[in-house]
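> quick one, structure for this:
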Amino acid sequence: MVVSCALLVVGLFCKGQNIDSLKNVERFIAFVAKGDSCWKAIDSSCAEFFWKEARKLHSSCDLSYKLSKLHGIMPHCDVDVKYKAAITMGDKRFLEKDYSGAKAAYSEAIASMPEKKYPKNKIAECDYALSNGLKKNPYQAAIVVGQELFHLHKYSEAKEQFLLAKKLDPKATYPKERLADIDSIYSIARTYEYYSENISWADEAFQRKDYKSAKYNYENALKYKPHDIYAKDKIDACDSLIKMPKPKKITFHGETKNGKYWTGKEYVYDKDGVLTKIKLYKEGKYVGDAKIEDN
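Residues are numbered from 1 along each chain as shown. I've put the predicted structure just below:
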């Protein structure tokens, strides 16, 4: 009954979607938090990536609000919906005796509606439970520390604690689920890193007019973000520039005799079409080079 009620409230949070478990909500919150960290670090591309990954799990008012920051739009967000979602998550974790996780969720609820007494009272209950239970139960201590690290986005350290909890109680499913969540976050992070690397290499190649290399790296970037508009647009630009006929460059200006340069200037270009030298000829003889900036 408790789970059914929880699902109903989270259903309000994730509008327009059928939610079959709360596990994806955990991942949703983690991805949104990662996006928040990127946003604070002034990395809007990273923030957009993780917020959109979160949106693949659930569509929410709060996430729409976050994504709108990228475009300078600040639409209204129903704080009551956000508050109810945080309370639902807090109550779920409290029933599972995940007091650290519950405390974090109740803190989110307070941030949305500071005047509410219920989350403040529940935080006090969490603090009491944490202070009285950890010394007696090493497994629970590892879970609590792991949760605190997880909510601080210190996933490597959190993973160590959940691995310890798994070792202390091999039959417990909760640490296994948390480890799977961390692996999922790592996978998403690696995907973003690979995408960013390929975009960076492609942009550099595009700037130096190496359009074939640029296209290759933009296509690699699409393997990690298949619907990325930026990469697709740049591929189209590369195709147009690759197909565009190169203008014929003047290689000699002057007088020739019997097919040989006689008097005038020979223009020498490198493989990228950049002028590198101007040779001077007089009466069939090479007499030196002219300064490029003077021509």
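> and stretch 127-140, how far apart are its ends?
This stretch, stretch 127-140, spans 14 Å end to end (Cα to Cα, to the nearest Å).
> touching it from outside, list them.
Stretch 127-140 has contacts (Cβ atoms under 8 Å, 6 or more residues apart in numbering) with 97, 99, 100, 103, 141, 144, 165, 168, 169, 172. C-beta coordinates here come from the backbone N, C-alpha and C atoms, glycine included.
> what comes up buried for it?
Buried residues in stretch 127-140, defined by neighbour count with 16 or more other Cβ atoms under 10 Å: 129, 130, 134, 139, 140.
> pLDDT of it, averaged?
Mean pLDDT, stretch 127-140: 74.
> now that stretch: how far from the chain's centre is it?
36 Å (Cα atoms, centre = their mean, to the nearest Å).
> which residues touch stretch 147-155?
Taking Cβ under 8 Å, 6+ apart as the rule, stretch 147-155 contacts 30, 33-34, 37, 98, 100-101, 104, 157-158, 161, 178, 181-182, 185-186.
> can you give me the mean pLDDT across it?
Mean predicted lDDT for stretch 147-155 stands at 80.
> quick one: contacts for residue 281?
Contacts of residue 281 (Cβ under 8 Å, 6+ apart): 254, 261, 262, 263, 264, 265, 266, 287.
> for residue 255, helix, strand, or coil?
strand (DSSP: H, G, I helix; E, B strand; the rest coil).
> what bridges to it?
residue 263 (DSSP bridges).
> pretty sure it contacts residue 265?
No: counting by Cβ atoms under 8 Å, residue 255 does not reach residue 265; the two are 10.8 Å apart.
> neighbour count for those two, which is higher?
residue 265 (17 against 12; other Cβ atoms under 10 Å).
> helices or strands up against whatever helix or strand the more buried one lives in?
Assessed by DSSP states H and E, residue 265 sits inside strand 260-269. Helices and strands touching strand 260-269, by 3 or more Cβ pairs under 8 Å, 6 or more residues apart in numbering; DSSP states H and E, are strand 252-257, strand 275-282.
> out of those, which comes closest to residue 112?
Of all those, strand 275-282 sits nearest to residue 112, with 63.4 Å by Cβ to Cβ.
> list the pairing partners of that closest one within its sheet, with orientation.
Paired strands of strand 275-282, defined by DSSP bridges, are strand 260-269 (antiparallel), strand 285-289 (antiparallel).
> how about these, which one is nearest residue 222?
strand 260-269 (33.6 Å).
> relative to strand 252-257, how tilted is the closest one?
For strand 260-269 against strand 252-257, the angle by axes from the mean of the first three to the mean of the last three Cα atoms, to 10 degrees is 160 degrees.
> run the chain-centre distance for strand 260-269.
For strand 260-269 - counting by Cα atoms, centre = their mean - the centre lies 54 Å from the chain centre.
> how about stretch 150-161?
19 Å.
> start to end distance for that stretch?
10 Å.
> ok, back up a step: out of the strands paired with strand 275-282, which one sits most buried?
Of all those, strand 260-269 has the most neighbours on average by mean count of other Cβ atoms under 10 Å, namely a mean of 15.
> out of the contacts of stretch 127-140, which are buried?
Here, 16+ other Cβ under 10 Å leaves 99, 100, 103, 141, 144, 165, 168, 169 buried among the contacts of stretch 127-140.
> those into CSV, with extra columns for distance to residue 240 and secondary structure?
Listed next are these as CSV, based on distance: Cβ to Cβ, whole Å; DSSP: H, G, I helix; E, B strand; the rest coil:
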residue, distance to residue 240, secondary structure
99, 59, helix
100, 55, helix
103, 56, helix
141, 62, helix
144, 58, helix
165, 56, helix
168, 61, helix
169, 61, coil
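> nearest to residue 110 among the residues you listed?
residue 103 (10.5 Å).
> for the closest one, which non-adjacent residue is closest in space?
Leaving aside its chain neighbours, residue 103 sits nearest to residue 126 (4.2 Å; criterion: Cβ to Cβ, 6 or more residues apart in numbering).
> wait, doesn't residue 49 sit right on residue 190?
No: the pair residue 49 / residue 190 is not scored as a contact, 11.7 Å apart, by Cβ under 8 Å.
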